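Asker: could you look at this predicted model? Sequence included:
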Amino acid sequence: MPSEPLTLAVVGSGAAGTLAAWRLRARLGPRAAIHVFDKEPQVGGRAHHIQFAGQRIELGGTLIHTDNRRLIELAHVLGVQLAPRRVDVLGGADQLAVWTGREFLVRAPESGIGLPLALVRRFGPVNLLRLQSLAKRAKAAWNSTYALQEAGRIFETPEELIRAAGLRPYIGVSLADLAATRHISRKLVDEFVTPVLRDMYNQTSDIVAFAGLVGLAGAGLAGGSLVSVVDGNATLLEKALAQIVAEVHLSTTVTAVEPSDDGVWLTAGGQRTRFDAVVLAAPLELAGVDLPGVDLPDLHRRHQEVHVTLVAAEADPAFFGGGPVPVDVLTTNGPDTVFKAFAQTGHSRSLGVPIWKFFSGQELDDAFLARVFRRVEDVHRHLWQAYPVLDPAPRFRPFRLAQGVYQINDFESAVSTLETDGTVGWSVADLVVRDLEAV
């Protein structure tokens with residue numbers, strides 16, 4: 001590796017970009033100047049919180065699974081406090097329910113054995129054990145990625161990583177079709193699997209099986225538990241970038257990245273700057289970055305629009321047919337379900353009402369909210385271009401797009417979570433270092 005100082009750029013400050021920058025610092029030490037660019041005014045990507053009704057509320061990535069090794073280790077190294085998932089229920093019932101738009105199919109306490117018993121009664125133990133086995137096998141395959149990284153494996157393409165980790169059986173097929181081959185009932189898929197995935201991805205069991213199984217593992221089918229960062233998940237990424245002394249450029253749009261014989265030229269804010277390598281950690285379809293001189297196949301990837309609606313209000317039990325309103329409501333896929341998921345995410349002490357969060361495929365207007373709530377104190381709406389549409393047979397571009405130019409985000413076509421994004425960012429950083437060593 002050259003002995004002179006290096007200047008590196010990462011475009012995107014979400015989990016992928018932050019973990020890539022973290023790994024670059026660990027591998028290259030103080031002689032690398034690391035610049036992180038983000039067009040948004042804050043670090044975090046989908047890990048983003050706001051103050052609403054006097055409380056901190058997550059708009060995007062909310063929970064971290066205890067098996068998420070990269071994020072959990074990062075929190076421990078930084079001394080960031082994690083807390084078990086908990087909602088201070090006010091005016092609701094500590095229940096998870098599955099709603100068709102007309103009735104609840106499942107309704108049971110989230111804690112203890114109430115929910116497992118309700119699922120067994122409705123779907124049968126054999127179906128649930130088969131589904132759990134699938135989720136555990138997919139999780140074990142993904143977890144092998146950490147051992148491969150620690151052994152020094154370098155991946156030049158997403159396909160190489162998929163094959164090495166044993167993920168191929170879960171990619172190229174939808175979760176619904178894979179479940180059918182394992183004799184898992186369609187009833188379980190439609191009434192539990194799809195509601196979980198509508199909450200996580202705003203999509204159904206027709207998505208690529210690996211992403212679906214990761215979603216189910218996150219819902220508890222493969223063990224472990226859910227935690228969150230006490231001060232907000234974005235805080236973890238902010239502290240990581242501060243720890244590695246990255247120069248962070250917020251509200252700065254990168255408009256062009258151009259490889260050349262003397263390095264990579266990045267244009268941002270009208271200024272053109274030379275870097276030794278540039279890592280693109282944002283969706284290429286949405287980033288708006290011109291890549292002159294880079295042969296970039298168009299994958300025709302579409303992204304899922306997710307409407308988030310926060311409401312500080314008293315829910316009207318009559319909307320759900322009477323009785324206490326569950327704290328978590330998942331929904332089946334059908335014409336009667338206007339929203340994908342609905343959950344109590346806290347309560348406003350200043351307003352004296354619960355705070356609810358909807359995920360939906362379209363904006364929920366005031367007329368709809370008036371049907372769900374009796375007393376609305378405050379509303380906040382946010383639109384995400386959140387995830388790729390998770391096609392069962394995703395296509396990928398190489399991690400190295402050109403000499404000195406790299407991308408991370410295509411792997412999101414196979415699975416899209418903070419942990420998987422960050423882990424792939426880690427791998428791409430190792431590829432960058434290997435290429436720099438070869439110069």
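Answerer: Nice, thanks for sending it over. Numbering: from 1, shown residues only.
Asker: where exactly do the strands run in the stretch 151-300 of the chain?
Answerer: Ranges of strands in the stretch 151-300 of the chain, per DSSP state E, counting those that start in this stretch, are 226-229, 247-249, 254-260, 263-268, 271-275, 277-280.
Asker: for L24, find the nearest of the ones you listed.
Answerer: When the strands of the stretch 151-300 of the chain are compared by Cβ to Cβ, strand 277-280 sits nearest L24, at 8.0 Å. In this view, the C-beta of every residue, glycine as well, is placed from N, C-alpha and C.
Asker: who does that closest one pair up with?
Answerer: If you go by DSSP bridges, strand 277-280 pairs up with strand 6-11 (parallel), strand 405-407 (parallel).
Asker: residues in contact with it: which ones?
Answerer: The contact list for strand 277-280, computed with Cβ atoms under 8 Å, 6 or more residues apart in numbering, reads 6, 8-12, 17, 20, 257, 264, 266, 287, 289, 401, 404-409, 425, 428-429, 432, 435-436.
Asker: how about that strand as CSV, C-alpha atoms only?
Answerer: Taking Å, rounded to 0.1, in the frame of the first residue of the first chain, the C-alpha atoms of strand 277-280 are listed here in CSV:
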residue,chain,number,x,y,z
ALA,A,277,-11.6,6.0,-3.8
VAL,A,278,-15.3,6.8,-3.6
VAL,A,279,-17.9,4.5,-2.0
LEU,A,280,-21.5,5.0,-3.0
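Asker: buried set for that strand?
Answerer: A277, V278, V279, L280 (16 or more other Cβ atoms under 10 Å).
Asker: out of the strands paired with strand 277-280, flag the one nearest G232.
Answerer: When the strands paired with strand 277-280 are compared (using Cβ to Cβ), the closest one is strand 6-11, at 21.1 Å.
Asker: and after the closest one, which helix or strand comes next?
Answerer: helix 15-28 (DSSP states H and E).
Asker: residues in contact with stretch 349-356?
Answerer: 52-55, 57, 89-92, 310-315, 342-348, 373, 375, 377-378.
Asker: rerun at 10 Å
Answerer: Outside stretch 349-356, the residues that touch it by Cβ atoms under 10 Å, 6 or more residues apart in numbering are 52-55, 57, 87-92, 309-315, 325, 327, 329, 342-348, 369, 372-378, 380.
Asker: in strands, which of those residues appear?
Answerer: Judged by DSSP state E, the subset of the contacts of stretch 349-356 located in strands is 52, 55, 57, 309-315, 327, 329, 342-348, 373-378, 380.
Asker: buried ones among those residues?
Answerer: When these are checked for burial by 16+ other Cβ under 10 Å, the buried set is 52, 55, 57, 309-315, 327, 329, 342-348, 373, 377, 380.
Asker: so which bits of the lengthiest helix in the chain are buried?
Answerer: The residue-count maximum for a helix in the chain (DSSP state H) belongs to helix 125-150. Residues of helix 125-150 classed as buried: 127-128, 130-132, 134-136, 138-139, 141-142, 145, 149 (neighbour count, 16+ other Cβ under 10 Å).
Asker: dump the residues you listed to a markdown table, plus pLDDT and distance to D295.
Answerer: As requested, those are exported to a markdown table (pLDDT from 0 to 100; distance: Cβ to Cβ, whole Å):
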| residue | pLDDT | distance to D295 |
| --- | --- | --- |
| N127 | 97 | 47 |
| L128 | 96 | 47 |
| R130 | 97 | 44 |
| L131 | 97 | 42 |
| Q132 | 96 | 44 |
| L134 | 97 | 38 |
| A135 | 97 | 38 |
| K136 | 96 | 40 |
| A138 | 97 | 33 |
| K139 | 96 | 36 |
| A141 | 97 | 31 |
| W142 | 97 | 30 |
| T145 | 98 | 28 |
| Q149 | 98 | 28 |
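Asker: and the furthest pair within those?
Answerer: Longest distance between any two of the buried residues of helix 125-150 is 34.9 Å, between N127 and Q149; criterion Cβ to Cβ.
Asker: follow-up on the earlier one: and which of the buried residues of helix 125-150 is nearest to R182?
Answerer: Distance to R182, by Cβ to Cβ, is smallest for R130 among those, at 5.3 Å.
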